[in-house]
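> Show me how the following folds:
(chains A and B)
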Amino acid sequence: MTKYYREGAVVLSTAGRDQNQIFIIKSVEGNYAYIIDGKSKTIENPKKKNLKHLHLLCKSEKSGLDMSNLTNAHTIKYLKDYSKSKE
Amino acid sequence: MIKIKSQEEIELMRIAGRITRDTLKVVGDSIKAGVSTKELDEIAYNYIKSQDATPSFKNYCGYPASICASVNDTIVHGIPNKNIVLKEGDIISIDVGAKYKGYNGDAARTFAVGKIDAKTKKLIKVTEQSFFEGIKDLKSGAFVGDISHRVQTYVEKNGFSVVRELVGHGVGKQLHEDPMVPNYGKAGSGPRLNANCIIAIEPMVNMGEKNVVFMPDGWTCKTKDGLPAAHYENTVLITENGVEILTL
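Residues are numbered from 1 along each chain as shown, chains lettered A, B, ... in the order given. A predicted model of the protein is given here:
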């Protein structure tokens, strides 16, 4: 069974308390993604969120993130730079 | 983290691989016009159970069936349904996994239903061959990107495209383990594969554009342009000197 390649994608939360915040997908299980921002949602403690409440901003293959070496500090910097680039 | 399997684990995965391979054969022999994909699912379920194994996909992350049965423009994860009845000229990709004593086998083939046109025949052949191109010269120490690059190069040279959103994967106790094995990329990139790691290599090839759409059921993935797609997969053990295909 094929694995969805969404790890490393940049997404926007469209529902819940974290609405309008951006995250990186750490992993996907079925219809749920584990998302991180490096601060409150860390690599060690990601948030489980339904994929239908996430809007894809940047696909995995375009984000260029190396998920095997990603750190919380790198996540914070990446998302900050990503937001700046879109301003 | 890429898991390295012990000899005992490899032996169990050889058995899981054999059951998976034989299930594909049994299902493949039942494919003909007039058969529903639900019937094929039942055939797979009964065969896997008869081998003292369990279907790896059933209830995996909520997936409701033992096989993925993907017809024509459905690339992967087509959910079997009694209302999807095969007709002459269709193609169908069957993806199946069998779990034996806790270890999974995973494989897929694309079958023709009766006579199909020459271009679709070529699509199936190129998809299958791209797998074998991918494992050419593959052995311990190779990079995942080496497989990805070979698959992509071969497929695109033949005028088709590879899917980006879905990838192969490590396989073992879990159906999906590290690493991810994309069907596109640069040679020499990605993690290294060492002896005794086991991966599922699975080219998904679209006749037209690479773009895909996901259906509201959360599983079914189709080509955006509505043209057919094919899928070929095997579970592969990396060794010091080459590979052993566990589902062939």
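> What is the neighbour count of the nearest residue to residue B:77 once chain neighbours are set aside?
Counting by C-beta to C-beta, 6 or more residues apart in numbering or on different chains, residue B:219 is the residue found nearest to residue B:77 once chain neighbours are left out, at 4.1 Å. For glycine as for every other residue, the C-beta is placed from the backbone atoms N, C-alpha and C. If you count neighbours by other C-beta atoms under 10 Å in any protein chain shown, residue B:219 ends up with 21.
> tell me the pLDDT at residue B:219?
With respect to pLDDT, residue B:219 scores 86.
> Repeat that for residue A:79.
96.
> Spatially nearest residue to it, not counting backbone neighbours?
Nearest residue to residue A:79 in three dimensions, chain neighbours excluded: residue A:22, at 5.7 Å (C-beta to C-beta, 6+ apart).
> do you know how far the residue nearest to residue B:77 is from residue B:166?
Separation of residue B:219 from residue B:166 (C-beta to C-beta, to the nearest Å) stands at 11 Å.
> Enumerate every residue touching the residue nearest to residue A:79.
Each residue near residue A:22 by C-beta atoms under 8 Å, 6 or more residues apart in numbering or on different chains is listed here: A:10-13, A:37, A:57, A:79, A:82-83.
> Need the buried ones from the residues you listed selected in ChimeraX.
In ChimeraX syntax, the buried subset of the contacts of residue A:22 is picked out as below (16 or more other C-beta atoms under 10 Å in any protein chain shown):
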select /A:10,11,12,13,37,79
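> So which of the contacts of residue A:22 belong to strands?
Among the contacts of residue A:22, the members found in strands (DSSP state E) are A:10-13, A:57.
> Residues of chain B that sit close to chain A?
For chain B, the residues found near chain A under the criterion C-beta under 8 Å from any C-beta of the partner chain are B:56-57, B:60-63, B:68, B:76-77, B:95, B:97, B:106, B:164-169, B:175-176, B:178-180, B:182, B:184, B:191, B:202, B:204, B:218, B:221, B:231, B:233.
> beta partners for the residue nearest to residue A:79?
Beta-bridge partners of residue A:22, counted by DSSP bridges, are residue A:12.
> which non-adjacent residue is nearest residue A:27?
Take residue A:27 and drop its neighbours on the chain: the residue closest to it by C-beta to C-beta, 6+ apart is residue A:34, 4.8 Å away.
> pretty sure residue B:105 is in contact with residue B:246, am I right?
Yes. Counting by C-beta atoms under 8 Å, residue B:105 touches residue B:246, with 6.3 Å between them.
> anything in contact with each of the two?
B:13, B:16-18, B:235.
> Residue A:50: how many residues sit nearby?
Around residue A:50 there are 13 other residues, counting by other C-beta under 10 Å.
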